[in-house]
Every structure is written in C-alpha cells, then in structure tokens.
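K.L.:
need coordinates for the following:
(3 chains)
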Amino acid sequence: MSRIMVWLPLAVFAVLVGFFFKGLTLDPNEQPSALIGQPVPEFQLTDLNTGQPLSREQLPQQPFLLNVWASWCITCQVEHPYLTQLSQRMPVVGLNYKDTETAAKNWLQKLGDPYAVQIFDPTGRLGLDLGVAGAPETFLVDGRGVIQARIQGEVNQRVFERQIQPLLETVQ
Amino acid sequence: MIPEIGHFALVLAFAIAICLAVFPLYGYLSNQQGFCATAKPLALLQGLALAVSFGVLMYGFLAHDFSVKYVADNSNLDLPWYFRMSAVWGAHEGSLLLWALILAFWGVAVALFSRGIPDHMSALVLSVMGMISVGFLAFMLFTSNPFVRILPFSPANGADLNPLLQDPGLIFHPPMLYMGYVGLSVAFAFAMASLISGKLDATWARWSRPWTTIAWAFLTLGIALGSWWAYYELGWGGWWFWDPVENASLIPWLVATALMHSLAVTEKRGLFRSWTLLLAIAAFSLSLLGTFLVRSGVLTSVHAFANDPERGVFILGFLIVVIGGSLTLYAIRASKVSEPGEFAWISRESFLLFNNLILTVMAVSVLLGTLYPLLVDAVGGGKVSVGPPFFNAVFVPLTAILVSGMAFGPLAKWRQSEDPRLFRPLIVTLIVSVVVGLAWPSMLDGQYSIGTAIGVALALWVAIATVVDVVKKVGLYGGVGTTLARVERGMIGMWLAHFGLAVMIFGVVMVENHTEHRDLRMGVGDSQNLGSYDVRLTNLTVVNGPNYVADQATFEIYQGDALYKTVTPQKRRYNASGMVMTEAAIDSGVTRDLYIAMGEPLDGGDWAVRLSVKPFVDWIWAGAFLMGLGGFVSITDKRYRQRVREEKEARTDEGATA
Amino acid sequence: MMKSVLKAGLIAWLMSVAMVTHGAIETYQFDSPEQEERFRQLGFELRCPKCQNQAIGDSDAEISGDLRAEVYRLIKEGATDEEIKEFMVARYGRYVLYSPPLDRQTLILWFGPAGLLVIGGIVVALRIRRSKQALERGESNA
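P.N.:
Sure thing, here's the model as predicted:
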C-alpha cells in the first residue's frame, strides 16, 4: 500500500459521513410532485353537488387550493377546520377521491362544506393524472391554472405558512 | 421492581465495559501486566451482567409486564409464549439489547478460547471489543432504553407484536444474523490490536482466521434464514428484494468472504497484510454502517426500525469514532508494511487476488446502489429510486465472473503454478459443464432460456471442479475415510462451501427463469391444473387462531387420480392490530415447491388464488446451509484445538528434558 | 373421451385466464402471453408511490392496485413499455422507476461498478507484476 493510498479509505468515509449528516435532515419518503409548473390536467367529471359535468375550464380563474379528500380518510377530518378557515382567504376546490356519492355528501353535511367547487372522482382518474398517492393531498394552483406546489398529508397552519404562503406572494 | 434489576444490570454492564475498554489498553501502553490481566475477568463479568439484563427483559415478556413500555408496545395477552420470547428482539430497543448481549458473548468466547494468544494481545482485543460495547450500551442507556416504564397507569394489554414477526423465522433469523454481524467485531478487534501494538506480521492473521470464519458462517445462515422467511411468510414467493436492509447484511457478507480468503494468503504466505487489515476493518465497519442505515431513517425500507434522526445522529457519531478512528490508525501504521512477495501470474495468490477484486467490486456496487438515492437527494438532485433492475444488472454478471474463477484457485499452487498439467482436469469439467448447461433448458417446458444454460453451466463448473478436487485427494490418501480423517478440515470446509454455492446458484437460476404462476378465480368445487398436479378447492371456512381470525381454504392436490396432499392456506386478520396476513400453503419437495396463496375475496364467495410451481427453490437455502456448514467444519481444524496444541507443547517439553 | 375433452377445454380456458404477477392477486385477462409477461415485468419496474420500498407488483396498497389497473389498460390500448413508463413518470416523477434512467445524474451509478472493476483490475495486475518481478529477481539471484 503506497503512502497516499492508505489515506483513501478514510477520505471516502469522511465524504460518506458528510452525506449521512445531510441525509439525516432529509425525508426519503417525501416526493416532490411531477406536475409542478404544469397546468392542471384536463378532466371530464361531474360536480358532486349539482351533478352537472365539470371540466378544468370551470375552475377558479384566480389562485386556489385543490384539496384531495375522501370520507374514509381520517386525516382529512383533522385538517377540515383549518381548510374551512383557509376558504375565507382563497377558494378551495375539493376533489372527492375514490369515494361514494352518499358517503361524501354525508361527510360534508356533518362537517360543513367549505369548497367552492366539488369534483367527484370516484374512480381516481383525475387523482392518478395528478400523481396522487393517497388522501389528503393539496395542490396550490395559480391564476393561470398552473400547479405551483403539492402537499402530501395534513395542511395546518405550520405547513401552510412554510410551504404555501411564500409562493402566494409570487403567484398573485 | 424486577425491570429495575434489568436496568441496573445494563448500567453495570456499561460501567464494566468502560473498565474493559480502558484498563487493558492502559496496561499495554504503560507496560503493566496487572492491568492487562483485568481484560478476561471483565469480559466475563460483562457477559454475566448483560445476560441478567436480557433475561429480565425476556421475563417481562413472559410474565406480561405491561408496565414496561417496550413490552406493552410489542406484546399482547393472547400472544403465544414462544413469540413472546422472540418479541424481545422484535423492535428497536430489544434488538439493540440482543446486539449488546451477543457482543458480550463474543467477548466471553475470546476470553475463554484465546489461550494460544499472548496475553497482551488478547488484552488489546478485548479492550477494543469493550470500546464497541461502550458505544452500544451508551446508545441504549441514553436514547433507546428497553426498560422505560409506564407508571402509574400501566396498560391492561399490549399492542401486540407485528403480525409479520409472529413466525418461527423471527425466533432464529435475528439472533443468527447478529451472531454474524457482531462476530466480525472480533476480526476487527484483532486487526486493531495488531495496529495498536505495531505487530503487523502474519501471526494476527492466524489468530483471527477461525473467528472470522465462524462469524462468516453465522452471517451466511442468518441471511439465508431471512430470505427463506420472506419467501414463505410474505405470500408472494419472492426470496430477495434488494431492499436496503437486506443489502446492509449482504455487503458485510461479501467483504467477510473476501476477508476469509485474504486471511488464507496472509496466514500461509505472509502477503497482503495491509489489505487484509483493511478488509477486517471494513467488514465490521460495514456491519455498523448497516445498523446506522436501518435505524436512522435515511433510507426507505420495509424492514426499517424506527425512523428517528436523533438516534441517527448518535449512531453516526459512534461510527465516526469507531470507523474514523480505526481507518486513521490504519493509515498511520499500515503503510509501513509493504512487500510485494514473490508469485507468478498463475498462482494461488493471483487467483485469490482476483477473488478479492470481484467480491470488493460486488460489495461496493451494492453499497453504491443502496446509497445512491441518498447521495442524489443530498446534492439537491431530487428523488431517484434504485431497485432490483439495477442490482440484478450489476450483480449477476459479477457473480458469473467470480464463479468462473472459482475452479482454478483450489488447483493452483502457491507462488508458482504455471504447469498447465495442473489444470488439465478442468478441461473435462469445462466440456461437461458447457454441454450439460446447453442441453438442460431444452429438457424443460417452455421457451429455451439461454440464461438458464449459462447459469447451469457455471454451477456445474464449480460443482464438478470441487468433486474432481475431492476425488484427487481421495486417490492420494487412498479411501474416503482416510481422506476425511487426514485432510485439513479447512479443505473439507472449502469443498462444502464451494459446492454449496454451486447448489445455490442452480436453485436461483431455475426459480428465476422457470417459475410458473397462475392467478385465478376459484370457488368451492373448482379444479385447476398446476404443473403435473390438479388442485381442487374443496372447502372454505373461518378459523379462530390464538390471536387472529382466518379465512381458510382447503385444497386437495391430485396426481392423476390419487390424492397427493391436502393443504390449508389462510388469510388472517390479527385481532389487536387489524393487520391482514397471507399464510401461503407450501408443499416443499427436492425438485420443486408447490405454492398456493389466497388473494382477495371476490364476489359470489369465490377467491382470487395464486398457484405456483417453483422449481428447485429450496436448493437456494440448501446451498447456503452447505456454505455455512463448510464454515463451521473449517474451524474444527486441528490447528485451533487447544488440547492438541498443549499435548504438542508437553511432548516438546519432555523431549527437551529427556 | 369426454373427460379428456373437458380437460383440454379447461386448460385452454386456463391459459386465457392465467395472469402472472408478483404480489396482489387479481384476475386480468390478456390477449397473449407476451402481454402478460410485459405486465409482470412492469410490475417489478414501477415503484409504489406510497409504500416503504415495494414495487407495484409486490404491494397490497390501494394505489398499487390502481397503478396496476392503469398499466393493464395501457397495455391493452397498445402502448409500448417506454410509453407506459413515460406516462407514470409524467405523473409520479422519476421516483416511480426502479431502474433509474441513464442521465447525467446517474452516470456514476451505472458506470461505477464497471469502472471500479477496470481500475481494480489494473491495480491487481500491477500488483501481480511486481510480485512476478520479485520472483524472477529472486530466482536469478539464487
């Protein structure tokens, strides 16, 4: 083993340690959405409340939140009050994901309906096109219909302030 | 009260470990024999303290002491007693205690079985093991204490052991695996002792070789048990998934294999000392690294314990001290040993270098693939996944290259082996392997698979070469009995291990290329064809287990018109957790497994059912078992047996005085 | 005679119904064994977006089932394997591929092992050469 080569293993280890320290601050399960910077996909579904056909042209023309939820999703119940608060600041569009009509309507009746529009997606078609892996998930869509952010899991004040608020300034 | 005894024993063990780490080292550096002599007694005391601590935790499980948080999290009133015992190592804190216990156990073993080693050397070895112990015990006492209690309101019942772990596999796989992982610490300690004392001649290789071999054997069996367990427990028939936790056990195994072979050269010829030292450090370091990866949350895995970055920081600090320290000492001291030795291009030394090269590349490749998502994410490159397609693409060709060389090494002589007549037996071996390899797939159903042909040829290449070697030796010694009695145990071990690898490769090739699956809908009374059998679903009932409720299907398997066997696969729902588990029905045979698993219930009372024929799948674990057996046989070598050595010494004494 | 006709019919029906996946068990019907095999392979290559490191073919999660159904639909519509993978990546990101695509970021991954083999081979060869030379020197001195 030459003079320099003997230090190589230590050097490699040192580099790895650097990566591990950084790695401890990261979450390997967190996935950025593949649709950031893309427009909301086209869809042809129905409005849960009116039964009328719904497509992306009928979504708000200003920045809004697209909230993926279902009656079987417990965390959705937990985030519901905060979403109701948010709905007073900006429109919240609901995407009822892989649910049944009656269960969804009952849920909304029991907890309240803060949603400006309710997209009914029983087969999860739009969810799949959005890259949804489960509920709840929330997307921030800007005034031109382009997705700017995606949150997996509960939206609460901390999450909103850290991940959505900063973007709202640039998006207005 | 009783859990406190366990906790106290743990603290006591910690104190002893600190003494063990410090006193012998101090004794060595200041040349005070008295301090060196404390090493063995301290190692024995540490073993005792940890045995008590572990025993108390196990008692807590057996006695349903739900005031201990760890017991409450991992046990249940309805959990059968044998699973309550294995639940001790079913989660993070308990498995750490098992680690510490086994480390202490290896310390006891070194203390008891190192009479042939100079005292100052064994003192240093035990001191290094003590340092590692200090790290693990500190980690437990400060971040992961298994004796934390829930008082004054203890739960009336526990959360139950994860149903995936309620299986005999859990009873054997982790202890066996840890015996291997932790056993590599002995080789590490010998390397460190050698570096600390500056005695970098080849004797440390002779001493550490049996310890390395036995650790390797345990690791082989531990990994094989894990694979077998996954196969029959998970319900899909897979046996290796290249999951980070699996890789974390494979990487040290590959390095330990290289180390075993390199130690052979260092012991016999005094060469590669520096490289062997590095391998010894690397093997245990990679074991520790595995511990970090599995418990820190930096990688995603189905097997991972707690995802706790705080604990991760502690382990990382520990790694920096142990690995960083050892590699630094290595860099400072090891450059002093360097002699090229004298050997030719064709020689046993060369082949063993080749072996080490390939095994090292394999280990680094698997490590690279495992860490890559972390590396990319850390530099801001986003999330990338590295899975079986990558690992298979890299590992399979490397294995083929490694195996190609395997036939030459045992035949080659040390130093110089350029006489082609030595390798003549291999010509026949080559011809037979290629011919049979090419012919074999054509005798099977389905499309001809060139992959099978190559795989079978390689397996035969090693198998026949090994048999030829055995036959040659039997010819030399005149008779099988004489050969087995007279030839070195290490050689018998090698034969078993190499042959075992060939058996395993054959099993892998057959199962990966020729498994038949059918996924179908079946109702009561339906019959399907499976290979040369007919399978009829005759009954569907609900069965109550000790802590679960199961849908059970009864299948009758017919060969022609005769009933061959009745099997009862189940779909279980565990009461405490609500988890659903598939218990597949497996009929094991030498040439195939029949695998029947229930999927989802369909409408009309029918079920989606998977029927599989898995050819030669048990050869995978049979081969691994042979490899492990080879390892265990090797260490029964006369050289390592105390009494023989003492007799020899006694005779020389007599001869001197006569 | 009747029994063997029935048996043949059963086998023929079986072949058209048989499906090969790893993991959750469904009863999809394919037009050909090649399609079936492609479905199975893609089941290994696509990652479940919500699981702890499982392929969609291995996992029970609902999203895995949805993605498998999607792969089935795309195969029946005539999409190639490449197109199916692109479809998934467009929605779930490159995370969903278990075999990372070869691009600038994954060069080290894909060429590392081979590169290491070459470099290691050179190092080993040089080492053996040194020993061979020492051997020859030793013999000529003898």
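
K.L.:
when you work out contacts or count neighbours from here on, use the C-alpha atoms and nothing else.
P.N.:
Will do.

K.L.:
next, the residue nearest to B:S53 when sequence neighbours are not counted: secondary structure please.
P.N.:
Leaving aside its chain neighbours, B:S53 sits nearest to B:G6 (4.1 Å; criterion: Cα to Cα, 6 or more residues apart in numbering or on different chains). Under DSSP: H, G, I helix; E, B strand; the rest coil, B:G6 falls in the helix class.

K.L.:
can you list the residues of chain A near chain C?
P.N.:
A:29, A:31-35, A:128-134 (Cα under 8 Å from any Cα of the partner chain).

K.L.:
coming back round to it: next up, the contacts around the residue nearest to B:S53.
P.N.:
Listed by Cα atoms under 8 Å, 6 or more residues apart in numbering or on different chains, the contact set of B:G6 reads B:V52, B:S53, B:F54, B:G55, B:V56, B:L57, B:F147.

K.L.:
how about 7 Å then?
P.N.:
Shown in contact with B:G6 (Cα atoms under 7 Å, 6 or more residues apart in numbering or on different chains): B:V52, B:S53, B:V56, B:L57.

K.L.:
would you format these as a markdown table with neighbour count included?
P.N.:
Shown next, in a markdown table, are these (neighbours: other Cα atoms under 10 Å in any protein chain shown):
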| residue | neighbour count |
| --- | --- |
| B:V52 | 20 |
| B:S53 | 27 |
| B:V56 | 20 |
| B:L57 | 27 |
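
K.L.:
possible to save those as TSV with pLDDT and secondary structure?
P.N.:
Below are the contacts of B:G6 laid out as TSV (pLDDT from 0 to 100; DSSP: H, G, I helix; E, B strand; the rest coil):
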residue	pLDDT	secondary structure
B:V52	96	helix
B:S53	96	helix
B:V56	96	helix
B:L57	96	helix
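
K.L.:
which stretches of the chain form helices?
P.N.:
Defaulting to chain A. Using DSSP state H, the helices of chain A run over A:8-24, A:74-86, A:101-111, A:125-130, A:157-159, A:165-171.

K.L.:
if you could check chain C rather than the one you did, that'd help
P.N.:
Counting by DSSP H, the helices of chain C are C:2-17, C:33-45, C:62-77, C:81-92, C:107-141.

K.L.:
secondary structure class for B:F555?
P.N.:
strand.

K.L.:
save the helices of chain A as JSON lines, and put in mean pLDDT too.
P.N.:
Below are those laid out as JSON lines (pLDDT from 0 to 100):
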{"stretch": "helix A:8-24", "mean pLDDT": "94"}
{"stretch": "helix A:74-86", "mean pLDDT": "93"}
{"stretch": "helix A:101-111", "mean pLDDT": "93"}
{"stretch": "helix A:125-130", "mean pLDDT": "94"}
{"stretch": "helix A:157-159", "mean pLDDT": "91"}
{"stretch": "helix A:165-171", "mean pLDDT": "83"}
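
K.L.:
point out the most buried one among the ones you listed.
P.N.:
Comparing the helices of chain A by mean neighbour count (mean count of other Cα atoms under 10 Å in any protein chain shown), helix A:125-130 ranks first with a mean of 20.

K.L.:
alpha carbons only: can I get that one in CSV?
P.N.:
The C-alpha trace of helix A:125-130 is given here as CSV (Å, rounded to 0.1, in the frame of the first residue of the first chain):
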residue,chain,number,x,y,z
ARG,A,125,-58.9,9.1,-12.7
LEU,A,126,-58.0,12.7,-12.1
GLY,A,127,-56.1,11.7,-9.0
LEU,A,128,-53.9,9.4,-11.0
ASP,A,129,-53.3,12.1,-13.6
LEU,A,130,-52.3,14.5,-10.8
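
K.L.:
name the residues that touch that helix?
P.N.:
Under Cα under 7 Å, 6+ apart, the answer for helix A:125-130 is A:P41, A:F43, A:Y97, C:R91.

K.L.:
count of neighbours near the second one?
P.N.:
The criterion is other Cα atoms under 10 Å in any protein chain shown. On that basis, A:F43 has 16 neighbouring residues.

K.L.:
could you do the third one as well?
P.N.:
The burial count assigned to A:Y97 is 28, neighbours taken as other Cα under 10 Å.

K.L.:
verify the contact between it and A:W69 for me.
P.N.:
Yes - if you go by Cα atoms under 7 Å, A:Y97 and A:W69 touch, sitting 5.8 Å apart.

K.L.:
with adjacent residues omitted, what lies nearest to B:G631?
P.N.:
B:A217 (5.0 Å).

K.L.:
measure the closest residue to B:L375 other than its chain neighbours to A:N29 for me?
P.N.:
Leaving aside its chain neighbours, B:L375 sits nearest to A:F19 (6.4 Å; criterion: Cα to Cα, 6+ apart). Separation of A:F19 from A:N29 (Cα to Cα, to the nearest Å) stands at 17 Å.

K.L.:
count the neighbours of the residue nearest to B:G631 for me.
P.N.:
31.

K.L.:
quick one, what contacts it?
P.N.:
Counting by Cα under 7 Å, 6+ apart, B:A217 makes contact with B:G628, B:G631, B:F632.

K.L.:
phi and psi next, for the closest residue to C:Q133 other than its chain neighbours.
P.N.:
Once flanking residues are discounted, C:Q133 sits nearest to B:E342: 7.7 Å by Cα to Cα, 6+ apart. Main-chain torsions, B:E342, degrees, to the nearest 10: phi -130, psi 110.

K.L.:
excluding covalently adjacent residues, which one is nearest to whichever residue of the stretch 1-150 of chain B sits closest to chain A?
P.N.:
Going by Cα to the nearest Cα, chain A is nearest to B:T143 of the stretch 1-150 of chain B, at 16.4 Å. Sequence neighbours aside, B:R311 is the residue nearest to B:T143 in space, at 6.6 Å (criterion: Cα to Cα, 6+ apart).

K.L.:
doesn't B:S296 make contact with the one you found?
P.N.:
Yes - using Cα under 7 Å, B:R311 is in contact with B:S296, at 6.2 Å.
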